[in-house]
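**Q** Next comes the sequence, and after it the predicted model I'd like to discuss.
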Amino acid sequence: MSQKTLDDNNFSNLINRIQSLKTLQAGNTYQIDNDTFFRIHDLPGSEYDISPANTSEMVLIFCPSPSSEKTRYAKKVRDAVSNISKCTTKNHNASRVVFVRMHVNADYNHISATAKAFIDDSKNEVDCIICYQPSYSRDKEDNSLINHCFKIEASPRYALQMAGTDHFRIEPPIGSISLEQSLVIIKDFDNNTDIQISPCDYFFQQGDIYQLAKKDIDGSLFNNDMGSPGIGIRKHGVFLMDGKYMTITPKFSPPSDDLLII
C-alpha cells in the first residue's frame, strides 16, 4: 500500500526488499519509504488443506492515481461538448445531447462538476449530457454481473422540451442498471470491515489458491468451494492419484475480470 502513485523504481525497491527477507512471517509490516509499506498475511482460511505440490499466493496493491487522471477524464467531456458544438447548429426546436462512455476508473464526482458547468453555461452549447459507465461488478452474494450506470445532467430548457416524456430508453441484454456508479470495496477479513476506495484509485488483486481435494459429506470433492472468491483470485483443485498430484482449474474463473464491450 502506498499514499503516492507507484512507479517502476518503487516496484523494484519492493521486490528487492521482499527477496532480501529470509522468511515471510505473517503479521509483519515492512516500511519501504515514508509513503509505502507492505504487510504479509496468511492466506484466507478454508476447510481444505493447501496443496503441497503447488505454490498458493495472493498479492494486493493499492495506491492513488495521479491527479492527471481526473483531468483526463473531465477533458473527454469537454471534447465531446466542443465536438457537438462544431458539428451542429443551435436550434430552438431541437436539443443538443451528448452521450459519453466513461472509463470504469473515472470518478463521476469529479466529472460532474465539468458537466454541470456546461449545462449551466449561458451560451447553452449543450442541453443534456448523458454519461454511461459499464463495469464488471459483483453483488453481495459474490455473483458476477455487468452494471450499466447512467448519470444525467440536463438544463431546465431540456426538461421543458421533453414535456414529461422519457429522456431515453435502454434495454441491456445482460446485467443491471443503476444511477450510481459501482462501488470499489476492499474486504478486510482480519477486522471484518469493508473499506471503500475512490473509483479512480489504482487497485490490483491477483492470486491462485491450490486446494487439496477431500471427500465431503455429500460425496463431492470440494463442496462448491471452487471458483473465484474475489476479483482476480482463483481457486484450483488438486487431486492425489497414484502418488501424483493433478490440478484442475475451473473454466468459469477468468484470470482477470476485464470487461469487453462488443
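**A** Cool, got the structure.

**Q** centroid residue for the protein?
**A** Nearest to the geometric centre of the chain sits residue 184, at 6.1 Å (CA atoms, centre = their mean).

**Q** Now that one: closest residue in space that isn't a chain neighbour?
**A** residue 197 (5.1 Å; CB to CB, 6 or more residues apart in numbering). The C-beta positions use only the backbone N, C-alpha and C, and glycine is treated the same way.

**Q** Could you check the pLDDT of the one you found?
**A** The model reports residue 197 with a pLDDT of 86.

**Q** Which strands and helices lie in contact with the helix or strand of the chain with the lowest mean pLDDT?
**A** Within the chain, no helix or strand scores below strand 227-230, which has a mean of 75 by mean pLDDT, DSSP states H and E. In terms of contact count using 3 or more CB pairs under 8 Å, 6 or more residues apart in numbering; DSSP states H and E, strand 227-230 is assigned the packing partners strand 233-241.

**Q** let's see 10 Å
**A** strand 184-188, strand 202-212, strand 233-241 (3 or more CB pairs under 10 Å, 6 or more residues apart in numbering; DSSP states H and E).

**Q** Sheet-wise, list the partners of the last one with their directions.
**A** It stands for strand 233-241. strand 202-212 (parallel), strand 227-230 (antiparallel), strand 244-248 (antiparallel) (DSSP bridges).

**Q** Is it possible to get a markdown table of those strands that adds distance to residue 8 and mean neighbour count?
**A** As requested, those are arranged in a markdown table below (distance: least, CB to CB, whole Å; neighbours: other CB atoms under 10 Å):
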| stretch | distance to residue 8 | mean neighbour count |
| --- | --- | --- |
| strand 202-212 | 14 | 18 |
| strand 227-230 | 27 | 16 |
| strand 244-248 | 33 | 12 |
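
**Q** Nearest to residue 175, out of those?
**A** strand 227-230 (17.8 Å; CB to CB).

**Q** Identify the residues contacting the residue nearest to the centre of the chain.
**A** Contacts here follow CB atoms under 10 Å, 6 or more residues apart in numbering; on that basis residue 184 touches 104-105, 107, 135, 137, 195-201, 203, 231.

**Q** One more: residue 185?
**A** Neighbours of residue 185 in contact, by CB under 10 Å, 6+ apart: 138, 194, 195, 196, 197.

**Q** between the strands paired with strand 233-241, which gets the lowest average pLDDT?
**A** When the strands paired with strand 233-241 are ranked by mean pLDDT, strand 227-230 comes last with a mean of 75.

**Q** ranges for the helices of the chain?
**A** Along the chain, counting by DSSP state H, helices occupy 8-20, 67-87, 108-120, 156-162.

**Q** mind exporting the third one as CSV, just the C-alpha atoms?
**A** This means helix 108-120. Extracted in CSV, the C-alpha atoms of helix 108-120 (Å, rounded to 0.1, in the frame of the first residue of the first chain):
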residue,chain,number,x,y,z
TYR,A,108,-18.1,10.8,-11.7
ASN,A,109,-18.0,13.1,-8.6
HIS,A,110,-15.1,14.9,-10.3
ILE,A,111,-16.6,14.8,-13.8
SER,A,112,-20.0,16.1,-12.7
ALA,A,113,-18.5,19.5,-11.9
THR,A,114,-17.4,19.8,-15.6
ALA,A,115,-20.7,18.5,-16.9
LYS,A,116,-22.8,20.9,-14.8
ALA,A,117,-20.7,23.8,-15.8
PHE,A,118,-21.5,23.2,-19.5
ILE,A,119,-25.2,22.7,-18.7
ASP,A,120,-25.4,25.9,-16.7
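
**Q** No more questions from me, cheers.
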